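Participant: Could you look at this predicted model? Sequence included:
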Amino acid sequence: MHASREEMASLRKAIFPLTRKLAVRLARKRRHGRKGPLDFRNTVRHSLSYGGVPAEPKFRYPRPSKPEIFVIADISGSVAAFARFTLHLVYAISGQFSKVRAFVFIDGLDEVTRFFEGVDDIGEAVHRVNTEADVVWVDGHSDYGHAFEVFWQRYGREVTSKTTVMILGDARNNYHAAQSWIVKEMQKKARHVFWLNPEPRSYWDTGDSIVGEYGIHCDGTFECRNLRQLEKFVDLLA
């Protein structure tokens, strides 16, 4: 959240090898994550090399469907850098998901999936998100409650049991109404709802932070302050 220009440049360099590593890991995890039912025919065929003794059972590996990802990101103030790198990472490994849609907000909300469609330079797409997205409703101060209302009115019906929702932000709501019922409704419809917060956990629920009020309706709330923590979280998405 408070990286220097040099540290931001180092983060950009670190993103590329990280995305390749995560893509390979997610594909492997999805392919070999668990065993399916016994494959009797394959077991018998392989037993011939053991004199007909089924010494090495073979299983049918399931082919789980790729998750659909909705990213809802606060791009106000200091959390904007966190949202930028998370969007960059998710889109760089988007081949591991059936669909990736991105929504950004301050006190208004805009879908920005269009900026990423058919582009080779994800960095340029993220730059457009930060400069062109329609995210100011009244005064440009974070209003999570209103942003969630807009999301639910426009896109709530498109959240399904295949959807994993990632909410990115510090949940500092400037003392506006939380509208936490919307996150509760998301959790009812979605496969998972996760909250990623770039603030130290010791700062949560202090001042105007209401991450706990939202967190009770999430499948997990994660402190995400560096690439290692972000990598660990993305690994869960498979």
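Facilitator: It's in.
Participant: Tell me the secondary structure at Ala73.
Facilitator: When classified by DSSP: H, G, I helix; E, B strand; the rest coil, Ala73 comes out as strand.
Participant: Any idea what it is bridged to?
Facilitator: Beta-bridge partners for Ala73, by DSSP bridges, are Val104, Leu168.
Participant: Point out where this protein drops to low pLDDT.
Facilitator: 1-3, 8, 29-65, 238 (pLDDT under 70).
Participant: How is the protein partitioned into domains?
Facilitator: 5-29+65-237, 34-64 (automatic domain parsing).
Participant: Figure out the length between the terminal residues of the first one.
Facilitator: It stands for domain 5-29+65-237. Distance across domain 5-29+65-237, first residue to last, is 30 Å (C-alpha to C-alpha, to the nearest Å).
Participant: so how far is it off the chain centroid?
Facilitator: 6 Å (C-alpha atoms, centre = their mean, to the nearest Å).
Participant: Which helix in this protein has the most residues?
Facilitator: Under DSSP state H, the helix in the chain containing the largest number of residues is helix 5-32.
Participant: just checking, what packs against that one?
Facilitator: The contact analysis (3 or more C-beta pairs under 8 Å, 6 or more residues apart in numbering; DSSP states H and E) places helix 5-32 against helix 79-92, helix 227-234. Bear in mind the C-beta positions are built from the backbone N, C-alpha and C, glycine included.
Participant: which one of those helices lies closest to Glu7?
Facilitator: Closest of the helices and strands packed on helix 5-32 to Glu7 is helix 79-92, at 9.9 Å (criterion: C-beta to C-beta).
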